[in-house]
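S.K.: With the input below, show me the fold.
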Amino acid sequence: MPTALITGASRGLGAALARRLAADGWTLIVDGRDPAALAALVASIPRATAPRVVVGDVADELHRVELAKVAADVGGLDAVVHNASTLGPSPRPLALDYPVDDLRRVYEINVIAPLRLTQLLLPTLRERARVLAITSDAAVEPYAGWSGYGSSKAALEHLFAVLAAERPDLSVLRVDPGDMRTRMHARAFPGEDISDRPPPEVSVPGLVALLTEDHRSGRHIARALR
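M.R.: Residues are numbered from 1 along each chain as shown. I've put the predicted structure just below:
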């Protein structure tokens, strides 16, 4: 059965995707910063398909090296899903008020970490491996108040578009999952009711299609693939 590494799998979209792939028989490696949330994820998955858990922060080089070692230990990867992400400060500051140290942290997690982890994982990626970078409509639309997160996702998109041009042997996919009812989305709109947003499970079928079907490298809208 295929093997995937999913970052940021402790909750939200990462957890929903992990549960679906485990149900489909995938071998999984998952990471996240919250050990209790990761333990809850594992408890929700049948023991036969329980994932390998690596607790840590994708912005930490030692943690990224550990993920690459685990990927090698399981015999390589058919897919890596760069889902770990940070919104940045909440409430969201305007561009000219954005604390530079916070912006650096956003870029470390949303841009540098996915590239560096891909570099470390390269020896473990099997033929035609899928490399999914989870992005956002904020990468292509200039929404007021989204300068940090949006510009980091725009940088991520262009970086992985270049990667796709450089490595046609890989399937490099930038995926917009759409608005979701997640903790990050709630932090983006503090004090607002986001109950009208769909749960992350609605975006999972599109991600599964990209992981299992023959799609060209490029930008994809997850819910358009259901």
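S.K.: Now do stretch 137-156: distance from first to last residue.
M.R.: Taking Cα to Cα, to the nearest Å, stretch 137-156 runs 12 Å from one end to the other.
S.K.: Tell me which residues of it come out buried.
M.R.: Across stretch 137-156, burial judged by 16 or more other Cβ atoms under 10 Å covers 138-139, 146-156. In short, each C-beta sits where N, CA and C put it, glycine included.
S.K.: Quick one: residues in contact with that stretch.
M.R.: Contact with stretch 137-156 is made by 82, 86-89, 92-95, 98, 102-103, 106-107, 110-111, 114, 133, 135-136, 157, 174, 176, 178, 188, as judged by Cβ atoms under 8 Å, 6 or more residues apart in numbering.
S.K.: where are the low-confidence patches of the chain?
M.R.: Confidence mapping of the chain against pLDDT under 70 gives the ranges 48, 226.
S.K.: From the centroid of it, which residue is nearest?
M.R.: Geometric centre of the chain, nearest residue: Asn83, 0.8 Å, by Cα atoms, centre = their mean.
S.K.: Could you list the residues in contact with the lengthiest strand in the chain?
M.R.: If each strand of the chain is counted by residues according to DSSP state E, the longest one is strand 125-134. Outside strand 125-134, the residues that touch it by Cβ under 8 Å, 6+ apart are 13, 76-83, 85, 114, 118, 156-157, 160, 163, 169-175, 177, 207, 210-211.
S.K.: Pull out the buried residues from those residues.
M.R.: The neighbour-count test (16+ other Cβ under 10 Å) applied to the contacts of strand 125-134 identifies 13, 77-83, 85, 114, 118, 156-157, 160, 163, 170-175, 177, 207, 210-211 as buried.
S.K.: can you give me the helices for this structure?
M.R.: 12-23, 35-43, 61-73, 100-107, 113-121, 147-166, 183-188, 204-212 (DSSP state H).
S.K.: Can you pull the phi/psi pair for Asp169?
M.R.: The phi/psi pair for Asp169 (degrees, to the nearest 10) reads phi -80, psi -10.
S.K.: follow-up on the earlier one: CA-only coordinates of the longest strand of the chain, as PDB, when you get a sec.
M.R.: Output in PDB follows, covering the C-alpha atoms of strand 125-134 (Å, rounded to 0.1, in the frame of the first residue of the first chain):
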ATOM      1  CA  LEU A 125      10.500  10.000  -2.700                       C
ATOM      2  CA  ARG A 126       9.400   7.100  -4.900                       C
ATOM      3  CA  GLU A 127       8.900   7.400  -8.700                       C
ATOM      4  CA  ARG A 128       6.100   9.900  -9.600                       C
ATOM      5  CA  ALA A 129       5.700  10.800  -5.900                       C
ATOM      6  CA  ARG A 130       3.100  13.500  -5.200                       C
ATOM      7  CA  VAL A 131       4.200  16.600  -3.400                       C
ATOM      8  CA  LEU A 132       1.200  18.600  -2.300                       C
ATOM      9  CA  ALA A 133       1.500  22.100  -0.900                       C
ATOM     10  CA  ILE A 134      -1.700  23.300   0.800                       C
END
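S.K.: Centre of the chain to that strand, how far?
M.R.: Centroid separation between strand 125-134 and its chain, computed with Cα atoms, centre = their mean, to the nearest Å, is 12 Å.
S.K.: Can you tell me the strand partners of it and which way each runs?
M.R.: Each strand paired with strand 125-134, and its direction, by DSSP bridges: strand 77-82 (parallel), strand 171-176 (parallel).
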